[in-house]
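1. Sequence plus predicted model, see below.
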Amino acid sequence: MSGGHGHVDTHAGDKRVALLISILALVLAFSETLGKSAQTLALNANIEAANLWAFYQAKTIRQTTLRVASDAMTAQFANQTEPMKKQLEAWKKTIERYESEEDPPEGRKQLVARVKEVEKRRDRSLAAYHHYELASAAVQIAIVLASASIITSMVALVWGAAGLGLVGVAFCVIGFWFPTQVHLF
């Protein structure tokens, strides 16, 4: 539309760009919040996995110590007394319990299974985090382009901003629902 002095009225276009910037800022807020949450979950899962692996190693050390003591007692004393036999039997039961203990699930076999689940959670959270970071970057650039379009009146910048905004939304969706399905890094 033409104003009274031969200028094009860009007020309506500026309002649409401002609305686009508002929507982009909303997407940015979601991607940043979800990204921080995913990062925190990944760090917590990593700590949990490290703790479980340490517990697994402690069980292995205890189990090995009992095996060595049992083997040493057996080798050293050909004629074992009844108390020695009871001690050896108790050690064998403890060795077996360290290997597999269902309730609580703290045997070596159970610990490995628990660690694998925690590592899956960690890896999923890290994948989501990376997608949210890409979403944030795309949306931040889109906001800059949209802002520049107001100053320059270049429609191509608005289209670029809208396109990058859609890329940002796509990465948010991937991060939320399909973080391990898309591998970029």
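-> Nice, I can see it.
2. List the residues that contact residue 66.
-> Under the criterion of C-beta atoms under 8 Å, 6 or more residues apart in numbering, the neighbours of residue 66 are 91, 94, 95, 98. Quick note: C-beta positions are derived from backbone N, CA and C, even for glycine.
3. Just the buried subset of these, written out for PyMOL, thanks.
-> The PyMOL selection below is limited to those of those classed as buried (16 or more other C-beta atoms under 10 Å):
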select buried, resi 91+95+98
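4. biggest helix in this protein, by residue count?
-> helix 11-76 (DSSP state H).
5. which helices and strands does the helix or strand following that helix pack with?
-> Of the helices and strands lying after helix 11-76 in sequence (DSSP states H and E), the nearest is helix 82-99. Contact here means 3 or more C-beta pairs under 8 Å, 6 or more residues apart in numbering; DSSP states H and E; on that basis helix 82-99 packs against helix 11-76, helix 108-152.
6. List of residues touching helix 82-99?
-> 59-60, 62-63, 66-67, 69-70, 73-74, 77, 80, 107-109.
7. of all those residues, which two lie farthest apart?
-> Within the contacts of helix 82-99, 77 and 109 form the most distant pair, 31.7 Å apart (C-beta to C-beta).
8. the more surrounded of those two?
-> Taking residue 77 and residue 109 together and counting by other C-beta atoms under 10 Å, residue 109 has the greater number of neighbours (14 against 11).
9. what's the spacing between the helix or strand that residue 159 is a member of and its chain's center?
-> Using DSSP H and E, residue 159 maps to helix 155-177. Offset of helix 155-177 from its chain centre (C-alpha atoms, centre = their mean, to the nearest Å): 22 Å.
10. packing partners for that helix?
-> If you count contacts as 3+ C-beta pairs under 8 Å, 6+ apart, helix 155-177 packs onto helix 11-76, helix 108-152.
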